[in-house]
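*Asks:* Predicted coordinates and the sequence they were generated for:
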Amino acid sequence: RLINNITGLSYDLQIKLHGQHLAKAVVVKAVKGFVANKNPEKALALSFHGWSGTGKNFVAKMIADNLYRDGLRSECVHFYIAPFHFPHASLVDVYKTQLQQSILSAVQQCQQSLFIFDEA
């Protein structure tokens, strides 16, 4: 289920992502370093910021497609859309607990899990 195709990720970012030169270099370096470490002490956390349409989810999809055989459909990839998964501000504490449990469970099933959070 893991393919960890760093060359493919670099190529996809170079060919498909326009106007985000800093993101290209940082993403490839961070993902390559993380994948090379067989026993990472912490998860890799990448936070993409910008206006709608700048390519945040596009980059996340390219990462998933090049790290996992089934891309976004991989059982190791978890995609959360804030208004959909966490719609009620009054339930933040419930969501926090549920999310912590989901992350622990996911990491036990797939050590190299990918979590994508979209604020929509």
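*Replies:* Everything's here; your move.

*Asks:* how much space is there between Leu99 and Ala43?
*Replies:* Noted for Leu99: a distance of 14 Å to Ala43, by C-beta to C-beta, to the nearest Å. Bear in mind the C-beta positions are built from the backbone N, C-alpha and C, glycine included.

*Asks:* Could I get the average pLDDT for the lengthiest helix in the chain?
*Replies:* In terms of residue count, the longest helix belonging to the chain (DSSP state H) is helix 92-109. For helix 92-109, the mean pLDDT works out to 96.

*Asks:* what sits up against it?
*Replies:* Contacts with helix 92-109, where a contact means C-beta atoms under 8 Å, 6 or more residues apart in numbering, come from 43, 75-76, 78, 80, 85-86, 113, 115.

*Asks:* Just the buried subset of these, please.
*Replies:* 76, 78, 80, 86, 113, 115 (16 or more other C-beta atoms under 10 Å).

*Asks:* hang on, the earlier thing: among the contacts of helix 92-109, which are in helices?
*Replies:* Using DSSP H, the contacts of helix 92-109 in helices are His85.

*Asks:* Is it possible to get TSV of the contacts of helix 92-109 that adds pLDDT?
*Replies:* Listed next are those as TSV, based on pLDDT from 0 to 100:
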residue	pLDDT
Ala43	87
Glu75	96
Cys76	95
His78	96
Tyr80	95
His85	96
Phe86	97
Ser113	94
Phe115	95
